[in-house]
Structure formats: structure tokens, C-alpha cells
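Colleague: How does the following fold in three dimensions:
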Amino acid sequence: MITGLYLFQNDLRLDDNPALKLACEEVDQLICLYCLPIQGPNRLPYTVSQFGEHRMRFLLQSLDALKQSLANKGQELVITLLHPLDAIPTLISRYNVTALYRSQHAGYNENRIWSYLETHYPFLTFTTTSSHTLFETSELPFALSDLPTTFSQFRKHIEKHPIQSCLPSITALPQPPKALPVCAELPTVTTITPPVSPNSIHHNFMGGESKALQHLEHYFATQAPSHYKETRNALDDWQSSTKFSPWLALGCLSPRRIIERLQRYHQEVEQNSSTEWILFELLWREYFQWYAHSHQGKLFLFQGIKSCSPNTSFYAERYQRWCAGNTPFPIVNACMKQLNQTGYMSNRGRQLVASCFVHELNLDWRYGAAYFEQHLLDYDVASNWGNWQYLAGVGADPRGHRKFDLAKQTTIYDPDHHFIRKWKGNEHDGKIDTVDAADWPIRD
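Modeller: Numbers count the residues shown, from 1 in each chain. Below is the predicted model:
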């Protein structure tokens, strides 16, 4: 009797899940585990102590949906507040687990945990399979150590590379050990669905695999893909961009499933520069996943992957003003208030607030990345930290610093100030600092 343990992380789905499929084929009993990251998602000086309300709600909705999907097939999702290095050894010992499975993860800390377990349990079988990317490591036309230094170079290598077909949704799973629901040594979370507040998150974002697949079909049932390139920079419109990212980040939706549906759109409707841009942006996401795998802990360094650090620092008041949307820049304020109230911000908005953070406020970019980590519904370690490095001039951008003219950007993307008025971006005191370097008040 082979008992396996499957660690769910960024793959909260049964559809197109190669790692879970492999576990189902190789074990007689299976424990499905998820460790809730309640405290300290990262352990750095700019630590995020807990997830923001909207990000946590979306995660809990997604877990609840997965739990119900597994229950429909006779399985049980064990959700615990314990750290994986406490929960997994407990389960290994109690249920004589001999095989452990997970989907590949770009997170440095997540990989350190897995490596620690492999080192301390050399007599067990550990299996990691790609489920979060379009390609497997073995399919890349270069070694990770030779990852192209820019996205353009990466794209030239990869864009014509064939993408594997999606796997069908898993219909049957090995059953859990009989005593699993009463494992007293492992504190579990039994009620995880949070109360729903109609004003708490963007009204169309609901976590879970079924919601992700519904959104995928609904999006491609419209003409929106045919106009994506022209509308993708809108700051606050649902149909302007794909909105796949929250479900992609948690793995409720497979990137290969999006490609498959896009190809169907090409066959049934049309293929143009806008539809091709959807693939272009999925390749950007792909690049950052392998960028994180390649650079590992450098993803969180002040100097990034460069040889020298940027000329910025940390000013507590400026940081708090940026977080609250109280800067002299109305477009930035509106974007930050949108994020705080919904957990969502458009891609264009992210570029603008990051540029302001680094160039106008001269702040250490890592604190901005950590704030996004705390609040974004679609937080993904590779995309978030890779993009912040890019904007801060310490990452994969060959041009270095990307500074946006905020007044010009406002004229282009919010000429009538509709977005600014909606999110009260004009409600600010017009200051960057009220104290000097010695913490003395600055006189007007």
C-alpha cells in the first residue's frame, strides 16, 4: 500500500494538472494538503506580516472550491495553519507517506522548503512536475543558467516552440487514509469561506477553478480578444483586458488551457495583432517564471541581478503616502486607492505607480513589491518581483530605468479624469514630505 502526499500550492485545480495526475497514477492512498500562509509570506526586512483582505478572500474562495471538487470525488483537502515543515513531517510519520508530489514553483522560499524535506527524508520519493508554465524545464531550448537576459531574446527562442496539449480534468483520485479527518496532531481549518461583502473586491473576481473556466469561456465568447491590443491599457474597465491573472496566479486556471482556447478563437473567429498580443503577454509571464527559477534569491535583492544598487532609499512618510494614495500625483493616488479597495490594479496602473515609487519618491523598490504582494489578487512571485526589478532598473530591462511622465500618461489614459474622480485621486494635500531628514517638521 503506497501512501502519497500532494502539496497544493499554485495549482488549485483538477484540470490540466500533470503533477496531480502523476500522483493519482502512482499511489494507492493520497493525502491532499494546503498550508495557509497566514504569517509572513516573505522573511525579508520588508516583511509582509499578513495578506490583505482582498487577496486572502480570493485565496479562501479558491481553496473552498478546490475542497468541494475533491470532496465530490471522495477526497479531502487538508488545510492547515501550520508551516509545511511542521505539517508535512507530521503526516509522513503518522500515515507512513513514502511519495511526495507538487507542481513546480518559482518561489525561492517554497523551493528551499522542498529541498529541506528532500535532504531530511532521502528514503522517500519526491516528484516535482511543471503545471504553472507553458513549458517544462526539459523543453526549454537552453539551460536555466543560460536564460536570455532580455525578454526579446527569450521570445525569439521560444515563440515557435510547440506547446503540449492540455490534460483532461481528473475524474478519479486515490482515497485518503481512513483516519485522516481526525488527525489531532495537525490543526486544520474546516470553515474557510469568508463572508462576502459586495464592496470588498472587484465584483467579477471570484476564486476557484469553475469560476476561472467560466470566465475563460465568457471572454472568448465575445469580440474582446479581437480588440485587445487597443483596449488593454484601460485603467478600470472589465472587458478591456483578459483579467485571467488572478486565476492564473493561484493555478485555478492553466496557462496552456488559455492557449488552447485562444487557438480555437483563431480557428472559429479570427487571428489578428490583438489576439496575438494575448500570446505575447503569456510569453512575458512565462519569461518571468523562468527568470525567477534562474535567479532564485536575487529576485529579492536591492541590486536585483545587477552589479550595483539603485540610488534610492526608504522614507517612511513617502512610503505611507504612496500606500494611502496621498501623493501629488492624482493618477497614482487613484490607482493606489483602487488597489486598496478592490485588490485589483491594471497593468498600466502598476507601471505608473511603480515608476512614481522609484523615480518621484526615490524609494527602495522592494517595499513597493512587498506592498503589491500583500494586496494584489493576482500576486505571483515571479511576475511581481520580476516586473518591479524591471521598472527599478535592476532586472531584465536592457534600457535600465523606466521613468514615466505621469502628466503625459494621465493625458493619454485618463484625459477626462473620469478614473481619477471615481477613485478620488485628487483628494491629497499636495506634499511629498512634511518632515525633513532629521524628522523636523517642514514649514510651508
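
Colleague: Please make it C-alpha for all contacts and neighbour counts, starting now.
Modeller: Fine.

Colleague: Chain neighbours aside, what residue packs nearest to Trp423?
Modeller: In this structure, Trp423 finds its nearest non-sequential neighbour in Ala334, 4.9 Å apart by C-alpha to C-alpha, 6 or more residues apart in numbering.

Colleague: quick one: contacts for the one you found?
Modeller: With contact taken as C-alpha atoms under 8 Å, 6 or more residues apart in numbering, Ala334 is in contact with Gly325, Phe419, Ile420, Arg421, Lys422, Trp423, Lys424, Gly425, Asn426.

Colleague: Quick check: Leu250 touching Arg55?
Modeller: No - counting by C-alpha atoms under 8 Å, Leu250 does not reach Arg55; the two are 10.6 Å apart.

Colleague: that older thread, so where does the residue nearest to Trp423 fall, helix or strand?
Modeller: Secondary-structure assignment from DSSP states H and E places Ala334 in helix 330-342.

Colleague: and that helix, how far from the chain's centre?
Modeller: 19 Å (C-alpha atoms, centre = their mean, to the nearest Å).

Colleague: Mind checking the pLDDT average for the strand or helix carrying Arg94?
Modeller: Element membership of Arg94, judged by DSSP H and E, is helix 84-95. Across helix 84-95, the average pLDDT comes to 95.

Colleague: Quick one: list the elements packing against it.
Modeller: Counting contacts by 3 or more C-alpha pairs under 8 Å, 6 or more residues apart in numbering; DSSP states H and E, helix 84-95 packs against helix 108-120.

Colleague: and the next helix or strand after the helix it packs on, which strands flank it?
Modeller: Counting by DSSP H and E, the next helix or strand C-terminal to helix 108-120 is strand 125-129. Looking at strand 125-129 with DSSP bridges, its partner strands are strand 99-103 (parallel).

Colleague: between the partner strand and helix 108-120, how big is the angle?
Modeller: Using axes from the mean of the first three to the mean of the last three C-alpha atoms, to 10 degrees, one finds that strand 99-103 and helix 108-120 are set 160 degrees apart in direction.

Colleague: Tell me which residues are up against the longest strand along the chain.
Modeller: Secondary structure of the chain per DSSP state E: the longest strand is strand 29-35. Contacts with strand 29-35, where a contact means C-alpha under 8 Å, 6+ apart, come from 1-9, 23-24, 75-84, 87, 173-177.

Colleague: Could you rerun that using 7 Å?
Modeller: Here strand 29-35 makes contact (C-alpha atoms under 7 Å, 6 or more residues apart in numbering) with 2-9, 76-84, 174-177.

Colleague: Please work out the angle formed by the directions of it and strand 99-103.
Modeller: 50 degrees.

Colleague: Let me see the mean pLDDT of strand 29-35.
Modeller: 96.

Colleague: Stretch 211-226 too?
Modeller: 97.

Colleague: buried stuff in it?
Modeller: Neighbour-count burial for stretch 211-226 flags Lys211, Ala212, Leu213, His215, Leu216, Tyr219, Phe220, Ala224, Pro225, Ser226 (criterion: 16 or more other C-alpha atoms under 10 Å).

Colleague: What of stretch 308-321?
Modeller: Buried residues in stretch 308-321, counting neighbours by 16+ other C-alpha under 10 Å, are found at Pro310, Thr312, Arg318, Tyr319, Arg321.

Colleague: Ok, stretch 284-296 next?
Modeller: In stretch 284-296, counting by 16+ other C-alpha under 10 Å, buried: 284-296.

Colleague: Burial check on Glu118, number of neighbours?
Modeller: 15 (other C-alpha atoms under 10 Å).

Colleague: ok, the closest residue to it other than its chain neighbours - contacts?
Modeller: Leaving out its chain neighbours, the residue that sits closest to Glu118 by C-alpha to C-alpha, 6+ apart is Phe126, at 6.9 Å. Going by C-alpha under 7 Å, 6+ apart, Phe126 touches Ala99, Leu100, Tyr101, Glu118.
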